[in-house]
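S.K.: this one's structure only:
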Ligand SMILES: Cc1cc2nc3c(=O)[nH]c(=O)nc-3n(C[C@H](O)[C@H](O)[C@H](O)COP(=O)(O)O)c2cc1C
C-alpha cells in the first residue's frame, strides 16, 4: 500500500489545503500503519512548465502510477488550480499511457484501480456548477479521463472572514473524518 501526498499551496503553514491533506494522510496511516508514504511538495520542488522533452522524464508519472492512494491539495487561485499543480497534471494526463480514446471517440482511463482524495480550499463560496468554479469541476473532469472518480473534501469561505475561515476548516476536517477507511 503506497500513499502519495501532493501539496500545491504557496501559503506554507497558513495553508488550509495542506492542513486537510495532512489530516487525510494521518487518518489513512492510522488505519494502515504499514503503508509507504511518498510526499511531493510542488512548491518546495516545482516542476517546470511541461515541454515535449519533459515527456521523456517519467519520474512524476511513475510515482503516480505506483501509488494506490493519492491525496492531492488543490487551493483555488484565480478560479482555477495553481500552476504548480497544472504542471503535475500535465505529466500524468498522457494520451496512450494514462488514457486513450476508444474507436467511437470516448475517453477510457488506463490507470486502473486507484483512490484519489482531493482537498479543495477556496476563498469564497461556490455553488455546484458555478461559472467561475474551475477547481473541483476541472479535477473531476481530468481524473474521469484517467478512469478515476476522486473523493473531494472542501474548505470554503476561507478569505471571507475569521469565522467563515474557521467554519470552512471545520467542514473540511469533518469531511476528512468521514472518508471511508
Ligand atoms: C494567488 C491567490 C489567488 C486566489 N484566488 C482566489 C479565487 O479566485 N477565488 C477564491 O475564492 N479564492 C481565491 N484565493 C483564496 C484561496 O483560495 C484561499 O485562501 C485558500 O484557502 C487557498 O488555499 P491554501 O489555504 O491551501 O493556500 C486566492 C488566494 C491566492 C493566494
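M.R.: Received, thanks. It should be emphasised that the depicted structure is a prediction, and the values quoted were computed from it without experimental measurement.
S.K.: which SS state does residue 34 fall under?
M.R.: Three-state assignment for residue 34 (DSSP: H, G, I helix; E, B strand; the rest coil): coil.
S.K.: Could you report the neighbour count for it?
M.R.: 6 (other CB atoms under 10 Å). C-beta: built from backbone N, CA, C; applies to glycine.
S.K.: May I have the residues that are in contact with it?
M.R.: Contacts for residue 34 (CB atoms under 8 Å, 6 or more residues apart in numbering) come out as residue 1.
S.K.: for residue 47, same thing?
M.R.: Shown in contact with residue 47 (CB under 8 Å, 6+ apart): 60, 84, 87-88, 91.
S.K.: From residue 86, how far out is residue 156?
M.R.: Here residue 156 is placed at a distance of 21 Å from residue 86 (CB to CB, to the nearest Å).
S.K.: Show me which of the contacts of residue 47 are buried.
M.R.: Among those, those buried by neighbour count (16 or more other CB atoms under 10 Å) are 60, 84, 87-88, 91.
S.K.: and which of these is nearest residue 139?
M.R.: residue 88 (11.3 Å; CB to CB).
S.K.: Need the three-state assignment for the closest one.
M.R.: Assignment for residue 88 (three-state DSSP): helix.
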